[in-house]
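**Q** A predicted structure for the sequence below; I have some questions about it.
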Amino acid sequence: MDIIYYLASCDTCRKIIKSLPKEHDFKFHDIKQDPITVAELEKMRELSGSYEALFSKKAQLYKSMDLKNKSLTEDDYKKYILEHYTFLSRPVFIIKDKIYIGNTQQNMLQVMKALA
């Protein structure tokens, strides 16, 4: 089953979910209510190629922890994503074993194409 990892309190995520075709059967995973597991994150990394690709550098914690001035490793990215949901770039779609990360216009066009 296709899955979307999102944050229910995020306006952008809610807007994107509303725009999805109603007939498509997604499993919805709110990462705040139900934190992602190590296995789920490893599956995402396997599909995306790296933990860094899944990491949000827009997160307020990223700025407040001054992480941009640190040299982060793949293990660091993994640790931070597992420690706090805000570090996962969202939404993350897994559709037919392909991953789509983030809310850029180009990414959302690819998601819609994959659902067509």
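**A** Noted; the coordinates are in hand. No experiment lies behind these values; they were computed from the predicted model shown. Numbers count the residues shown, from 1 in each chain.
**Q** tell me which residues touch Leu88, please.
**A** Leu88 sits next to Tyr5, Ile31, Ile36, Leu54, Phe55, Ser56, Ile81 when contact means Cβ atoms under 8 Å, 6 or more residues apart in numbering. (Each C-beta comes from the backbone N, C-alpha and C, glycine too.)
**Q** what bridges to it?
**A** Each beta-bridge partner of Leu88 is listed here, defined by DSSP bridges: Phe55.
**Q** element containing Lys15, please.
**A** Applying DSSP states H and E as the criterion places Lys15 in helix 11-19.
**Q** contact partners of the helix or strand following that helix?
**A** Using DSSP H and E, the helix or strand that directly follows helix 11-19 along the chain is strand 26-30. Counting by Cβ under 8 Å, 6+ apart, the neighbours of strand 26-30 from elsewhere in the structure are Met1, Asp2, Ile3, Ile4, Tyr5, Tyr6, Leu7, Ala8, Ile17, Leu20, Ile36.
**Q** out of those residues, which comes closest to Gln105?
**A** Gln105 has its nearest neighbour among these in Leu20, at 15.2 Å by Cβ to Cβ.
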